[in-house]
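Trainee: Below is the sequence, then the predicted model.
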Amino acid sequence: MIRTLQISFTSLSQTLCRNNGSSNTHVAGTGVMCSNLAVSAKTNTHYGIKTLSSAAVLSTKKCVPCNTKDLRPMTEEAANQLMPQVSGWDLVNDGGTLKLHRSWKVKTFTKGLEFFQEVASVAEAEGHHPDLHLVGWNNVKIDIWTHSVGGLTENDFILAAKVNGLDVQDLLSKKLSKPAQSSG
Ligand SMILES: C[C@H](O)[C@H](O)[C@H]1CNC2=NC(N)=NC(=O)C2=N1
């Protein structure tokens, strides 16, 4: 029964996506992503079907092992195209190495370590690890890049999107941090 339902949902999505000229359809676990689908920016729905934002899709993905054959660093242009999916993060060029960078103010030194622990759990689950900095007792800075290729891969954006999805508001200083959760 479920299988039948799933097939009918997928074919429905493909029909809907074909109708607006989208080239391909990715039926995510809980939503429909049609590439080039013009969804209303506000409600993110199309023909009444709730679609996942591209940031949400990114955070549902899984990192690949960094020693995967043929893994190459992406171009700055490709990285810039992905930046809207990792709100709050900046693209930095550190001596020729592209990285994702974000900083937060935490309430206390120990809450900074708690923040690191939350990030570490995601990193260990993904087998992909950030560079963590806790400076001046309450300034958390995270850099993410793929060391094995000396630049950025999709892994880095997946990790950044997952960090954005962490519920760490209680660790952050109210007055001085940008909202931790991305809107996307
Ligand atoms: C074999 C395994 O993929 C490597 O040890 C992983 C571990 N975590 C990693 N994290 C990051 N950011 N870059 C890497 O190249 C990397 N390599």
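Mentor: Okay, I see it. Just so you know, these numbers come straight off a predicted model, no measurement behind them.
Trainee: Pull up the gap between the closest residue to residue 64 other than its chain neighbours and residue 126, please.
Mentor: Distances taken as CB to CB, 6 or more residues apart in numbering put residue 155 closest to residue 64, at 6.4 Å, once the chain neighbours are dropped. Where C-beta positions appear, they are placed from N, C-alpha and C, glycine not excepted. In this view, residue 155 and residue 126 are 7 Å apart by CB to CB, to the nearest Å.
Trainee: Who has more neighbours out of the two?
Mentor: residue 155 (25 against 16; other CB atoms under 10 Å).
Trainee: residues contacting that one?
Mentor: Residue 155 sits next to 63, 64, 66, 126, 128, 146 when contact means CB atoms under 8 Å, 6 or more residues apart in numbering.
Trainee: what about dumping the CA coordinates of stretch 105-123 to PDB?
Mentor: Extracted as PDB, the C-alpha positions of stretch 105-123 are listed here (Å, rounded to 0.1, in the frame of the first residue of the first chain):
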ATOM      1  CA  LYS A 105      28.700  34.900  20.900                       C
ATOM      2  CA  VAL A 106      28.000  32.400  23.700                       C
ATOM      3  CA  LYS A 107      26.700  33.200  27.100                       C
ATOM      4  CA  THR A 108      29.600  31.600  29.000                       C
ATOM      5  CA  PHE A 109      32.800  29.700  28.300                       C
ATOM      6  CA  THR A 110      31.200  26.400  29.300                       C
ATOM      7  CA  LYS A 111      28.200  27.100  27.000                       C
ATOM      8  CA  GLY A 112      30.800  27.500  24.300                       C
ATOM      9  CA  LEU A 113      32.100  24.100  25.000                       C
ATOM     10  CA  GLU A 114      28.600  22.700  25.000                       C
ATOM     11  CA  PHE A 115      28.100  24.300  21.600                       C
ATOM     12  CA  PHE A 116      31.200  22.500  20.400                       C
ATOM     13  CA  GLN A 117      29.900  19.300  21.800                       C
ATOM     14  CA  GLU A 118      26.700  19.600  19.800                       C
ATOM     15  CA  VAL A 119      28.700  20.400  16.600                       C
ATOM     16  CA  ALA A 120      31.000  17.500  17.400                       C
ATOM     17  CA  SER A 121      28.100  15.100  17.500                       C
ATOM     18  CA  VAL A 122      27.000  16.100  14.000                       C
ATOM     19  CA  ALA A 123      30.600  16.000  12.700                       C
END
